[in-house]
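S.K.: When you get a sec, could you give me coordinates for this:
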Amino acid sequence: MDKSMQTSRQHKWGFVIIILLFLGIATCQNLDQSKHSLSYSSYQIPSDKIDTPIRILQLTDLHNSEFGEDNQELIDRIASQSPDLILLTGDLLNSGEPVTEIATNLISSLCEIAPVYLSLGNHEIEYQDNFGTDVTQLYQAAGAIVLEHQYRDITVKGQSLRIGGVYGYCLPDKYLETEEADLSECMFLWDFENTDRYKILLSHLPIAWLKNDALEEWNMDCVFSGHLHGGQVILPGIGGVYAPDMGWFPGRLKGVFDSKDGKRHLVLSAGLGNTEVIPRFNNIPEIVCVDLVPVGSHRSQ
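M.R.: Residues are numbered from 1 along each chain as shown. All right, here's what the predicted structure looks like:
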């Protein structure tokens, strides 16, 4: 091999090594961001049932993650938005870890900012089975109002709201005929939807709201969900790779989704933490802010 060919090959290998180093550094930075950084998503939802804006902060799927010491970075970001309500939609802890202090300490801190309403996720349900601990009692002792097949009628800034929570798939009652729907869930939702108040439902599992016409069939004004982790790994131009209950390349994984008439809404957060073997990638943990506003008005961000 002559000297010019050897030099050319060395240049090619040098170029390949530089590219691989660049990709490696970029990947490490992305993984670090997707574990420790925070993103902020803001949405406006108009309603003819609201005549004064209400600001809601949603957190979901914390999975014992921490952002700053004692989650202070997360707490400060939330406090800076001056929410009227804080909604937690489950999976604050991990079902296989005995640790509960990260979740309960966060709840206590959030309660100093605004009233906290909470529904359970699959990890809370599994935690109770694994450790025999009443998670609802823990969360309530920390200051949250835990709603499991329950609701509260409240007034916020003069506005009449009904806030409820349910862990389950919330299949429409038409699926009772095929025994796919759960009767206890349907009975709760029948009762819950029977009001003229603005109805907010905390429902950790979003599958039926995305795929089984629940948003069309149930008379809910706004549903807050999580569970899908935004697809875990986000590929540019493709989106989320995989989500629980949704399979591969499922498409809709975060954001606000409307019913056909535009009057009902699903707010789906990518969440904050991770329990999967594959880490979050290109998927920065998310705080969701929703401004409920009167029809035709806008609240400045």
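
S.K.: average pLDDT across stretch 170-189?
M.R.: Computed over stretch 170-189, the mean pLDDT rounds to 94.

S.K.: Pull out the buried residues from that stretch.
M.R.: Using 16 or more other CB atoms under 10 Å as the test for burial, stretch 170-189 gives 170-172, 175, 181-182, 185-186, 188-189. Yep, even glycine has a C-beta here, placed from its N, CA and C like the rest.

S.K.: Out of those residues, which comes closest to Ile145?
M.R.: Phe188 (16.4 Å; CB to CB).

S.K.: For that closest one, what is the enclosing helix or strand?
M.R.: Following DSSP states H and E, one finds Phe188 within helix 183-192.

S.K.: And for the spatially closest residue to Lys211 that is not a sequence neighbour, the neighbour number?
M.R.: Nearest residue to Lys211, sequence neighbours excluded (CB to CB, 6 or more residues apart in numbering): Met246, at 8.0 Å. Residues near Met246, counting by other CB atoms under 10 Å, number 19.

S.K.: Now do the phi/psi pair for Met246.
M.R.: Backbone geometry at Met246, expressed as degrees, to the nearest 10, gives phi -110, psi -20.

S.K.: how near is it to Phe67?
M.R.: Remark: distance between Met246 and Phe67 (CB to CB, to the nearest Å) = 26 Å.

S.K.: what stretches of this protein score poorly on pLDDT?
M.R.: The chain contains residues with pLDDT under 70 at 1-36, 276-277, 298-301.

S.K.: what about the helices in the stretch 1-150 of the chain?
M.R.: 3-36, 72-79, 101-111, 122-131, 135-141 (DSSP state H, counting those that start in this stretch).

S.K.: The second one: how far from the chain's middle?
M.R.: Read that as helix 72-79. 17 Å (CA atoms, centre = their mean, to the nearest Å).

S.K.: orientation of it relative to helix 101-111 in degrees?
M.R.: Per axes from the mean of the first three to the mean of the last three CA atoms, to 10 degrees, the angle that helix 72-79 makes with helix 101-111 is 30 degrees.

S.K.: In terms of secondary structure, what does helix 72-79 contact?
M.R.: strand 54-59, helix 101-111, strand 286-294 (3 or more CB pairs under 8 Å, 6 or more residues apart in numbering; DSSP states H and E).

S.K.: try it again with 6 Å
M.R.: On a contact count with 3 or more CB pairs under 6 Å, 6 or more residues apart in numbering; DSSP states H and E, helix 72-79 meets no helix or strand.

S.K.: likewise the fourth one?
M.R.: Taking 3+ CB pairs under 6 Å, 6+ apart as the contact definition, the neighbouring helices and strands of helix 122-131 are helix 135-141.

S.K.: Identify all contacting residues around the helix it packs on.
M.R.: With contact meaning CB atoms under 6 Å, 6 or more residues apart in numbering, helix 135-141 is reached by 100, 104, 118, 124, 127-128, 146.

S.K.: now stretch 56-67
M.R.: Residues from elsewhere that reach stretch 56-67 (CB under 6 Å, 6+ apart): 38, 73-74, 78, 83, 85-89, 91-94, 99, 102, 224, 226, 269, 271-275, 288-290.

S.K.: Out of the residues you listed, which end up buried?
M.R.: Among those, those scoring as buried are 38, 74, 78, 83, 85-89, 91-94, 102, 224, 226, 269, 271-275, 288-290 (criterion: 16+ other CB under 10 Å).

S.K.: Now do the buried residues in stretch 47-62.
M.R.: By neighbour count on 16+ other CB under 10 Å, the buried set for stretch 47-62 is 47, 49-50, 53-62.
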